[in-house]
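Student: The following comprises the amino acid sequence and a computationally predicted model.
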Amino acid sequence: MENIQKQEILLESGTNEMEIIEFYLGGQSFGINVQKLKEIIPFSGEQVTRIPDSAESVLGTLLLRGCTIPLVDLKQHLAQRYDASEGEVREVVLVCEFNGRTNGFKVDGVNQIHRITWDRVQPMAPFIDQYSPRFTGSINIDGREILIVDLEHIIAEFDPEAALDYEAAFETGEQHQSVSDHRQQMRILLAEDSALIRTGIERILRGVGYANLQTFVDGEGCYREIMRLKQEADAAGEGIRSRLDLLISDIEMPKMDGLTLCRKVKEDPALKDVIVVLFSSLINEQMAAKCDSGGGRWICDQAGNSQTGRNDG
């Protein structure tokens, strides 16, 4: 058994760095954030229990030290988009933990861990993203194009309960109340690279009356808009809150991660009054401490699991 020793990759909030583990399916390289990886184990079919009437790419449950976890065959799940007939095969299971759940993903093998900065990760082009929402970006390393896999989206395809409940906001009855002018006028920026999550959050916010909402697929584009609003407010002799009320950001994003975005906002005296809400499937005590140190609030992970964040600005 090969254990992955997680190194501290964001030693201080907002370093804009991450580590990805590169794995391959056939001749194509893929990557995920090391923070989601608990360990790598050899694949053994003898430890898998098949589940009747499950999706073809769900191999079943995997027995791991007395516990069972769902096991997904990533090559089979993505075969419709990629030629899986090439490349050396040394089948292993990536045991991953996010959104408070543990899942296994069978792959053809792993290459190595790369420490990179988020500005090297290119977001998926919008016209591609609408057809391939299983990926959040790509990075070129040594001539190899590595696709960053959206594991949360893949799990949500099998288990809808693992995704945000986009209908919950509409079942409270709040949508039947008259929408106040204050809510309509609030200016909100949302930065989220996952098309599924971005669309869901946008739907919730607009559905309860927050009409003045602008979305971004990465932190860098969002930060440019914040700086534009800052200049606009300065020219009018007004504070930033006259142009921006709330920033909502994912933590993992191409170009600029959410912690870096939060730090840049909170370290700028002209922007420090902007309320920042950070969310991620990686929220734990360590990550929450980084959110706090960057001046942001954290309220929940992407599965909607309840968390308690800061109440100061």
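Tutor: Received, thanks. Residues are numbered from 1 along each chain as shown.
Student: mind checking the SS state of Leu94?
Tutor: Reducing the assignment at Leu94 to three states with DSSP: H, G, I helix; E, B strand; the rest coil gives strand.
Student: How many residues are close by it?
Tutor: Leu94 is flanked by 24 other residues according to other Cβ atoms under 10 Å. Where you see a C-beta, it was placed from the backbone N, CA and C, and this is true even at glycine.
Student: same question, Asp53
Tutor: Around Asp53 there are 4 residues (other Cβ under 10 Å).
Student: Can you tell me the SS state at it?
Tutor: Following three-state DSSP, the label given to Asp53 is coil.
Student: What does the pLDDT read for it?
Tutor: Asp53 carries a pLDDT value of 82.
Student: what separates it from Gln185, distance-wise?
Tutor: With distances taken as Cβ to Cβ, to the nearest Å, Asp53 is found 50 Å from Gln185.
Student: do the same with Arg198
Tutor: Arg198 sits 22 Å away from Gln185, taking Cβ to Cβ as the criterion.
Student: okay, these two: which has more neighbours?
Tutor: Between Arg198 and Gln185, counting by other Cβ under 10 Å, Arg198 is the more crowded of the two (19 against 11).
Student: where in the protein is pLDDT low?
Tutor: Along the chain, segments meeting pLDDT under 70 span 1-14, 79-88, 125-132, 160-180, 282-313.
Student: okay, now the domains of it?
Tutor: 2-161, 164-298 (automatic domain parsing).
Student: Please work out which of the ones you listed is packed deepest.
Tutor: Burial of the domains of the chain is given as mean neighbour count (mean count of other Cβ atoms under 10 Å); domain 164-298 ranks first at a mean of 19.
Student: and that domain, how far out from the chain's middle?
Tutor: 15 Å (Cα atoms, centre = their mean, to the nearest Å).
Student: And stretch 108-125, by the same measure?
Tutor: Using Cα atoms, centre = their mean, the offset of stretch 108-125 from its chain centre is 14 Å.
Student: Would you mind extracting the C-alpha trace of that stretch into PDB?
Tutor: This file holds the C-alpha atoms of stretch 108-125, laid out as PDB (Å, rounded to 0.1, in the frame of the first residue of the first chain):
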ATOM      1  CA  ASP A 108      -4.500   3.100 -15.300                       C
ATOM      2  CA  GLY A 109      -1.600   4.500 -13.200                       C
ATOM      3  CA  VAL A 110      -0.100   7.600 -11.700                       C
ATOM      4  CA  ASN A 111       2.900   9.600 -12.800                       C
ATOM      5  CA  GLN A 112       4.000  12.200 -10.300                       C
ATOM      6  CA  ILE A 113       3.000  15.100  -8.100                       C
ATOM      7  CA  HIS A 114       3.500  18.600  -9.600                       C
ATOM      8  CA  ARG A 115       3.700  21.800  -7.500                       C
ATOM      9  CA  ILE A 116       2.300  24.600  -9.700                       C
ATOM     10  CA  THR A 117       0.800  28.000  -9.400                       C
ATOM     11  CA  TRP A 118      -2.800  28.500 -10.300                       C
ATOM     12  CA  ASP A 119      -2.000  31.100 -13.000                       C
ATOM     13  CA  ARG A 120      -0.600  28.200 -15.100                       C
ATOM     14  CA  VAL A 121      -4.000  26.500 -15.100                       C
ATOM     15  CA  GLN A 122      -6.100  27.500 -18.100                       C
ATOM     16  CA  PRO A 123      -9.900  27.400 -17.600                       C
ATOM     17  CA  MET A 124     -11.900  25.400 -20.100                       C
ATOM     18  CA  ALA A 125     -13.200  27.500 -23.000                       C
END
